[in-house]
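Asker: Would you be able to build a 3D model of this:
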Amino acid sequence: MSATNNAMQDIITSANKGQFQVTPEAGDELITIFQEYADYLDARLNDIQVVKNRTPLGDSPAGQAIAEFNQQVAAGGEDSFEDAILQSSKQVPQVIEAIKRGIALYQETDEGNAAGFGNRT
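Answerer: Residues are numbered from 1 along each chain as shown. Below is the predicted model of the structure:
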């Protein structure tokens, strides 16, 4: 998940620098993918609430250890699955806006190239 977060941040950073361009068709497809990803993340946050409540696995030492482990992985701080999901959730709207800027830059460049080509004849 951290690789996905890093990739999203790279798109955001590149778009902010004017270094990201994408065709409208590909951009629209990417936007759809990231919107679906946002839905997926919301569902996982709901799932995590169950694990955060400490999975009832019995009183045995193994059951207690696994329940504790699950709880820590789910919501144990900045290295937890919950934190990674929250980071992704914050980035999805930003990456969608970055893609929109990438589409606009592509169209601007494309129109400029077309106008320049028309002036050569």
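Asker: Next one: the closest residue to Asn16 other than its chain neighbours relative to Ala67, how far apart?
Answerer: Distances taken as Cβ to Cβ, 6 or more residues apart in numbering place Ala98 nearest to Asn16, at 7.3 Å, with adjacent residues excluded. C-beta here means a position set from N, CA and C on the backbone, and glycine is covered the same way. Between Ala98 and Ala67 the distance is 40 Å, computed by Cβ to Cβ, to the nearest Å.
Asker: so where is this structure shaky, pLDDT-wise?
Answerer: Judged against pLDDT under 70, the low-scoring parts of the chain cover residues 54, 74-77, 113-121.
Asker: returning to that earlier point: what sits against the residue nearest to Asn16?
Answerer: Taking Cβ atoms under 8 Å, 6 or more residues apart in numbering, we find Ala98 in contact with 11-12, 14-16, 20.
Asker: how does it look with 10 Å?
Answerer: By Cβ atoms under 10 Å, 6 or more residues apart in numbering, the contact list for Ala98 reads 8-16, 20, 22, 27, 30, 34, 91.
Asker: cool, and Asp110?
Answerer: 21, 23-24.
Asker: in the longest helix seen in the chain, what counts as buried?
Answerer: In the chain, ranked by residue count with DSSP state H as the criterion, the top helix is helix 81-119. Across helix 81-119, burial judged by 16 or more other Cβ atoms under 10 Å covers 81-82, 84-85, 87-88, 91-92, 94-96, 98-103, 105-106.
Asker: before we move on, what about stretch 35-49?
Answerer: Applying a neighbour-count criterion of 16+ other Cβ under 10 Å, the buried positions in stretch 35-49 are 37-38, 41, 44, 48.
Asker: returning to that earlier point: ok, which pair from the contacts of Ala98 is furthest apart?
Answerer: By the measure Cβ to Cβ, these have their two most distant members at Gln9 and Gly27, which lie 18.0 Å apart.
Asker: No more questions from me, cheers.
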